[in-house]
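In: Quick one: sequence plus predicted model below, questions after.
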Amino acid sequence: MEEVTRELALTFNGPLEAGVRAVAVLGAAYPRNFDLQRMVAFDYLLVHTSELHGPDNLHPDAPIRTPATEVRRKVVQNALHLMMTRDLVDRVVTENGIRFCAGEMAASFLDALQSSYVIELKRRATWLVQHLADYDDQDFDNLMRRFFDQWVVEFQHAEQRLEL
């Protein structure tokens, strides 16, 4: 069972898969750009849209949904770099720091992907970007803080169950 869980985690969380998710979000948001922190949050929220009262989650729920931010951040960073090598993501230096936006080939790439999974991914990316369009940085930080508070409680409950 551990092997299956490990394979499932790698299947959805490698640089290629996270890169496709990033391109889907950035394509839906074009011409807007986002910093790495926001891209990490989007990577989680994109497959957990029901937590925002949106479409059903794209991926099945795990017993503990904590996004393991330090791990996810590295995966998303590697994913963005991979997608930059293919002109699917552009890095933009602004007065607010380094940000990412859809690259020159993003639209063509997304149009070429027609599996049912990717179609649902693109639909959720559009929904997510529209749903969060009016969130400024403070509003977005408050939203993510609420999720973090929920994850801490979930982790504490799981920890207590393990102690029994």
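Out: Yep, that arrived.
In: Would you agree residue 21 is in contact with residue 43?
Out: Yes: Residue 21 is within contact range of residue 43, at 5.6 Å (criterion: CB atoms under 8 Å). Backbone N, C-alpha and C define where each C-beta goes, glycine included.
In: Could you tell me how many residues sit around the nearest residue to residue 75 once chain neighbours are set aside?
Out: Of all residues not flanking residue 75 in the chain, residue 18 sits nearest, at 5.0 Å (CB to CB, 6 or more residues apart in numbering). When counting by other CB atoms under 10 Å, one arrives at 25 neighbours for residue 18.
In: For residue 38, see how far away residue 18 is.
Out: From residue 18 over to residue 38 the distance is 14 Å, taken as CB to CB, to the nearest Å.
In: hey, which helix or strand in the protein has the poorest pLDDT?
Out: helix 2-13 (a mean of 50; mean pLDDT, DSSP states H and E).
In: Tell me which helix or strand comes right after that helix.
Out: helix 15-29 (DSSP states H and E).
In: ok now the next helix or strand after that following helix, how far from the chain's centre?
Out: Proceeding N to C from helix 15-29, the next assigned helix or strand is helix 36-47, under DSSP H and E. In terms of CA atoms, centre = their mean, to the nearest Å, the centre of helix 36-47 is found 3 Å from the chain centre.
In: can you check stretch 118-127 too?
Out: The answer for stretch 118-127 is 12 Å, by CA atoms, centre = their mean.
In: Buried residues in it, which are they?
Out: 121, 122, 124, 125, 127 (16 or more other CB atoms under 10 Å).
In: For stretch 129-144, measure first residue to last.
Out: Length of stretch 129-144, first residue to last, CA to CA, to the nearest Å: 15 Å.
In: got the contact list for stretch 133-141?
Out: 38, 41, 132, 143 (CB atoms under 8 Å, 6 or more residues apart in numbering).
In: now the residue nearest the centre of the chain: how far from residue 95?
Out: When CA atoms, centre = their mean is applied to the chain, the residue found nearest the centroid is residue 43 (0.5 Å). Using CB to CB, residue 43 is found at 25 Å from residue 95.
In: Count the neighbours of the closest residue to residue 14 other than its chain neighbours for me.
Out: Among residues not flanking residue 14 along the chain, residue 75 sits closest, at 7.3 Å (CB to CB, 6+ apart). The number of residues packed near residue 75 is 18, by other CB under 10 Å.
In: Assess the claim that residue 75 and residue 19 are in contact.
Out: No: applying CB under 8 Å as the test, residue 75 and residue 19 come out as separate, 9.4 Å apart.
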